[in-house]
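Trainee: Sharing a sequence plus its predicted fold:
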Amino acid sequence: MKTECLVLPHDPGWDEARLAWNLAVDQQPAAVALPESAEEVARVVRWARSRGLRIAPQGTGHNAGAMGSLAHTVLVKTERMRGVEIDPENQRARVEAGVLWAEVSEAAAEHGLAALAGSSPDVGVVGYSLGGGISWLARRYGLAANSVTAVELVNADGELVRADAENEPELFWALRGGGGSFGVVTALEFTLYPITEVYAGVLFFPVERGAEILRAWRRWIEDVPDEVTSVGRFLQFPPLPEIPEPLRGGSFVVVEATYLGDEESAEELLRPLRELGPSMDTFATIPVQTLNKLHMDPEQPVPCVGDGMLLGDFPEEAIDALVAAAGAGSGSPLLSVEVRHLGGALARLQPGHGALATIEAGFAMFAVGMSMTPEMGAAMHAHVEVVQAALARWDAGRDYLNFTERRERGERLFGGATYRRLQTVKGRVDPDDVFRSNHPVRLPAPRLRKAA
Ligand SMILES: Cc1cc2nc3c(=O)[nH]c(=O)nc-3n(C[C@H](O)[C@H](O)[C@H](O)COP(=O)(O)OP(=O)(O)OC[C@H]3O[C@@H](n4cnc5c(N)ncnc54)[C@H](O)[C@@H]3O)c2cc1C
């Protein structure tokens, strides 16, 4: 029996239903499901299984690029599941699978609380948290995945399951960093933190000062406390009318940062960077829920091509290599090439952590460009590879799932021992490999039978 929320090829609305947030990705599944409840998700899973189809859960399609062919697959889009509940007393949120970060941040702020939201207001809470989750508060509070306290999901038998520290603890471990290979998540619960304001902003400098500014930023972060999370970045704004002056059409090297502290100590902390004489300085004390504007991410679906890499370190030679690949005179067509400072709580094991316990790298690079046409997409892809090649000497040997938009080996995403443990969980909860993730955990290799 076809469930109400299914859209099939040739149905009206098919082209809209199969869109991903990343409009450069042409998704061609066998069917799209738009469930409104966990029960409806369960019906879709049973329907797909009865027809021998696989299932790919999707929140927004921000990381749809890595998914590959969706043939024989039902794309389960959770965008209609938008419930948000805040429990101020226990400092917890429970959100349904289609909720976006801006929605939680706003709801939590009404109670003087903050979530470990990503840089973009419209990234999905679930996809981001299953992949790790590096927020503007990451060096102080660690990965968002490790603040998750419970996951509700529909399993391969079409049953609703709750995974937390007491129920299904191994599945709970796998879901926190292991991605979307284990079921369709219908809701998440996670810890909120008592934060109402942060000191945050961006310092803009002319792109020609790239080496000088990135070196100064690199020296500055040597001594900053975990309360500071910051980014060094090249930005080239297209000359589009919707981009405000004086950014429209401009190229910059910028430092973006947040600081969990009072304004007086913030001014003192920021002084070495301010003394460099930025052409624009937006630092101020701001409500924590407005942090999602800081990174200037697009708030609507766009066509883009991007990819990241983790860097063990980002010394002066690496800065020079990045400037040559993405700075002034490099010919880079990319909109943004950023290097995020990691460490702090991202490098410390938290008790009861999930599959992505820490990020074993000093820095995360992400490069992205707009791709209005396939030719533009190819040019952006080629230049992202130029940037990655320039930094290859400092490759940390691992990748961060959320910043990886190509197919990558599981060992590189998780490390060998963690990946094998994830495979064991996958083999137990989804032995027929029904659930497809953009970064799949493969079934363990079948054990050879002992000779009789
Ligand atoms: C503009 C932009 C800004 C970003 N900023 C940050 C940032 O600050 N920090 C950071 O860590 N990352 C960031 N990211 C990366 C982002 O976290 C990943 O792209 C993440 O996968 C997006 O999750 P989503 O649900 O929105 O995307 P989707 O593409 O919908 O989901 C990605 C994957 O998550 C899994 N998934 C999603 N929903 C479900 C579900 N209900 N059940 C089971 N599996 C599911 C699936 O495997 C899916 O393929 C950013 C990305 C973009 C494009």
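Mentor: Alright, I've got the coordinates.

Trainee: Over to stretch 177-192 now: how far is its first residue from its last?
Mentor: 18 Å (C-alpha to C-alpha, to the nearest Å).

Trainee: Is it correct that Arg421 is in contact with Gly354?
Mentor: No. If you go by C-beta atoms under 8 Å, Arg421 and Gly354 don't touch, sitting 11.1 Å apart. Every C-beta, even on glycine, is put in place using the N, C-alpha and C of the backbone.

Trainee: Name the residues contacting each of those two.
Mentor: 173-174 (C-beta atoms under 8 Å, 6 or more residues apart in numbering).

Trainee: Look at those two and report which has more neighbours.
Mentor: Legend: neighbour count by other C-beta atoms under 10 Å for Arg421 and Gly354, higher for Gly354 (23 against 18).

Trainee: Need the pLDDT of the more buried one.
Mentor: Each residue has a pLDDT score; the one for Gly354 is 98.

Trainee: now it, nearest residue through space, not along the chain?
Mentor: Of all residues not flanking Gly354 in the chain, Arg176 sits nearest, at 2.3 Å (C-beta to C-beta, 6 or more residues apart in numbering).

Trainee: So what's the residue count around the one you found?
Mentor: 29.

Trainee: Residue of the stretch 251-400 of the chain closest to the ligand, please.
Mentor: The nearest approach of the stretch 251-400 of the chain to the ligand comes at Asp297, 4.0 Å away (C-beta to the nearest ligand atom).

Trainee: what's the burial count for that residue?
Mentor: Counted with other C-beta under 10 Å, Asp297 comes out at 17.

Trainee: Against Leu291, how distant is Arg274?
Mentor: 20 Å (C-beta to C-beta, to the nearest Å).

Trainee: Now do the same contact list for Leu6.
Mentor: 31-33, 44, 47, 74.

Trainee: For Val148, see how far away the nearest residue to Leu137 once chain neighbours are set aside is.
Mentor: Residue nearest to Leu137 in three dimensions, not counting chain neighbours: Leu116, with 5.8 Å by C-beta to C-beta, 6+ apart. According to C-beta to C-beta, Leu116 and Val148 sit 10 Å apart.

Trainee: same thing with Gln423?
Mentor: Relative to Val148, Gln423 is positioned 21 Å away (C-beta to C-beta).

Trainee: These two: which is more packed in?
Mentor: Set side by side, Gln423 and Val148 show more neighbours around Val148, with 25 against 20, by other C-beta under 10 Å.

Trainee: Quick one: list the elements packing against the helix or strand of the chain with the lowest mean pLDDT.
Mentor: In the chain, no helix or strand scores lower on mean pLDDT, DSSP states H and E than helix 410-414, which sits at a mean of 92. For helix 410-414, the packing partners by 3 or more C-beta pairs under 8 Å, 6 or more residues apart in numbering; DSSP states H and E come out as helix 416-429.

Trainee: What average pLDDT does the helix it packs on get?
Mentor: pLDDT averaged over helix 416-429 gives 97.

Trainee: Just the C-alpha atoms of that helix, please, in CSV.
Mentor: The C-alpha trace of helix 416-429 is given here as CSV (Å, rounded to 0.1, in the frame of the first residue of the first chain):
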residue,chain,number,x,y,z
GLY,A,416,40.4,1.9,11.7
ALA,A,417,39.3,0.6,15.1
THR,A,418,36.3,3.0,15.3
TYR,A,419,35.3,2.1,11.8
ARG,A,420,35.4,-1.7,12.5
ARG,A,421,33.2,-1.1,15.6
LEU,A,422,30.8,0.9,13.5
GLN,A,423,30.7,-1.9,11.0
THR,A,424,29.8,-4.4,13.8
VAL,A,425,26.9,-2.1,14.8
LYS,A,426,25.8,-1.8,11.2
GLY,A,427,25.9,-5.6,10.7
ARG,A,428,23.7,-6.1,13.8
VAL,A,429,21.1,-3.3,13.2
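
Trainee: From Val255, how far off is Ala328?
Mentor: 17 Å.

Trainee: Between those two, point out the one with more neighbours.
Mentor: Between Ala328 and Val255, counting by other C-beta under 10 Å, Val255 is the more crowded of the two (24 against 15).

Trainee: ok, the more buried one - contacts?
Mentor: 202-203, 213, 217, 230-233, 273.

Trainee: so Gly65 makes contact with Val25?
Mentor: Yes. Between Gly65 and Val25 there is a contact under C-beta under 8 Å: 5.4 Å.

Trainee: helix, strand or coil for the residue nearest to Leu137?
Mentor: coil (DSSP: H, G, I helix; E, B strand; the rest coil).

Trainee: Ramachandran angles for it?
Mentor: Dihedral pair for Leu116: phi -80, psi 60, per degrees, to the nearest 10.

Trainee: these two touch, right, it and Ser147?
Mentor: Yes. At 5.6 Å, Leu116 counts as touching Ser147 under the criterion of C-beta under 8 Å.

Trainee: where do the contact lists of the two overlap?
Mentor: When C-beta under 8 Å, 6+ apart defines a contact, the residues bordering Leu116 and Ser147 alike are 141, 190.

Trainee: Give me the more crowded residue out of these two.
Mentor: Leu116 (29 against 23).

Trainee: State whether the residue of the stretch 251-400 of the chain closest to the ligand is indeed within a helix.
Mentor: No. Going by three-state DSSP, the assignment for Asp297 is coil, not a helix.

Trainee: Pretty sure it sits against Trp136.
Mentor: No. In this structure Asp297 lies outside contact range of Trp136 using C-beta under 8 Å: 11.9 Å.
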